[in-house]
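**Student:** Sequence plus the predicted model coming up.
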Amino acid sequence: DIPVLKEVEALTEPAVFNMVRFVIAAIPFIPFVIRAFGDRRTRNGGLELGVWVSLAYLAQAIGLITSEAGRASFIAAFTVIVVPLIDGIFGASIPMLTWFGAIVSVIGVGLLECGGSPPCVGDVLNFLSAVFFGIHMLRTEQISRSTDKKKFMALLSFEVLVVALTSIIWFLLKDAFVEVHDSSFESWTFGTLWDSAASFPWIPALYTGVFSTGLCMWAEVSLLLRTL
């Protein structure tokens with residue numbers, strides 16, 4: 001996912017690409033959201049999970065603007081350490097192997113930061129992305145324990161829909177925080193929209209939207225429910 005996102009930055013703005021990517025991912029889940037909208041527990045659980053994973057994707061996308069893809073991919077591996085560490089903060093026992101893995105990961109990131117390009121703010125954002133992904137995985141496990149297995153598609157659907165809505169909000173509000181005159185609404189014409197659509201990286205958007213977003217999130221929730 002990360003190398004694809006890094007390559008796409010040369011073709012289009014991250015806000016535009018992520019909006020298209022996550023909207024594509026959310027389309028198949030809309031019927032499940034409509035049918036389960038009255039289920040308050042499932043809806044609230046899905047909305048919370050959507051917020052955590054939205055923060056993770058947003059930090060990742062912005063971080064990749066300045067961070068190298070290889071370094072971002074390595075930092076993303078911190079997610080597997082973040083989950084047991086956060087779980088330990090709330091009282092769970094942490095095996096010694098987990099602490100060993102955390103120390104090795106910290107050393108590895110330190111070696112990465114000492115070589116190649118200098119550290120940048122993107123590295124911090126990618127680390128925050130790993131933390132948010134870790135919180136998302138932990139909360140997914142906790143929420144899944146109190147969710148009927150028959151409702152897991154509805155839970156996932158609310159989650160994906162929040163990600164899509166967040167990406168749309170980011171796209172609509174980005175000009176308020178970043179000076180990007182070429183993408184201002186005032187400059188849009190039918191011709192520019194057509195040219196943008198023709199040059200848009202649709203294959204990467206379909207890949208990241210369907211496989212590395214929708215399918216991966218479905219697999220995560222589905223496997224958790226099967227093991228609980």
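**Tutor:** On my side now, so go ahead.
**Student:** May I ask which helix or strand of the protein has the lowest mean pLDDT?
**Tutor:** When each helix and strand of the chain is scored by mean pLDDT, DSSP states H and E, helix 190-199 comes last, with a mean of 69.
**Student:** Show me which residues of the helix or strand that that one is followed by are buried.
**Tutor:** Beyond helix 190-199 on the C-terminal side, the first helix or strand identified by DSSP states H and E is helix 202-206. Of the residues in helix 202-206, those with enough neighbours to count as buried (16 or more other C-beta atoms under 10 Å) are Pro204, Ala205. For the C-beta atoms, the positions are set from N, CA and C on the backbone; glycine is no exception.
**Student:** helices and strands around helix 202-206, which ones?
**Tutor:** helix 2-8, helix 14-26 (3 or more C-beta pairs under 8 Å, 6 or more residues apart in numbering; DSSP states H and E).
**Student:** Dump the first one to PDB, restricted to CA.
**Tutor:** Listed in PDB are the C-alpha atoms of helix 2-8, where the atom choice follows Å, rounded to 0.1, in the frame of the first residue of the first chain:
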ATOM      1  CA  ILE A   2       2.700   2.500   1.000                       C
ATOM      2  CA  PRO A   3       4.900   2.200  -2.100                       C
ATOM      3  CA  VAL A   4       1.800   2.700  -4.300                       C
ATOM      4  CA  LEU A   5       0.700   5.800  -2.400                       C
ATOM      5  CA  LYS A   6       4.200   7.200  -2.600                       C
ATOM      6  CA  GLU A   7       4.400   6.700  -6.400                       C
ATOM      7  CA  VAL A   8       0.900   8.200  -6.900                       C
END
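**Student:** pLDDT on that helix, on average?
**Tutor:** Rounded to a whole number, the mean pLDDT of helix 2-8 is 84.
**Student:** So which other helices or strands are in contact with that helix?
**Tutor:** Other helices and strands packing on helix 2-8, by 3+ C-beta pairs under 8 Å, 6+ apart, are helix 14-26, helix 40-63, helix 69-76, helix 202-206.
**Student:** State the number of residues packed around the closest residue to Arg21 other than its chain neighbours.
**Tutor:** Counting by C-beta to C-beta, 6 or more residues apart in numbering, Arg21 lies nearest to Gly209, which is 4.3 Å off, once chain neighbours are set aside. Gly209 is flanked by 24 other residues according to other C-beta atoms under 10 Å.
**Student:** wait, isn't Gly209 in contact with Phe17?
**Tutor:** No - taking contact to mean C-beta atoms under 8 Å, the distance of 9.8 Å between Gly209 and Phe17 leaves them out of contact.
**Student:** Quick check: phi and psi on the residue nearest to Arg21?
**Tutor:** Recorded main-chain torsions at Gly209 are phi -70, psi -50, according to degrees, to the nearest 10.
**Student:** Let's see the pLDDT reported for it.
**Tutor:** Looking at Gly209, its pLDDT reads 89.
**Student:** what's the answer for the one 4 residues further on, then?
**Tutor:** The per-residue pLDDT reported for Thr213 equals 87.
**Student:** what about it, how many residues close to it?
**Tutor:** That count, for Thr213 with other C-beta under 10 Å as the rule, works out to 23.
**Student:** Provide a list of residues in contact with it.
**Tutor:** By C-beta atoms under 8 Å, 6 or more residues apart in numbering, Thr213 lies in contact with Arg21, Phe22, Ala25, Val160, Val163.
**Student:** next one: Asn18
**Tutor:** Contact analysis of Asn18 by C-beta under 8 Å, 6+ apart lists Tyr57, Leu58, Ala61, Ser167, Trp170, Phe171.
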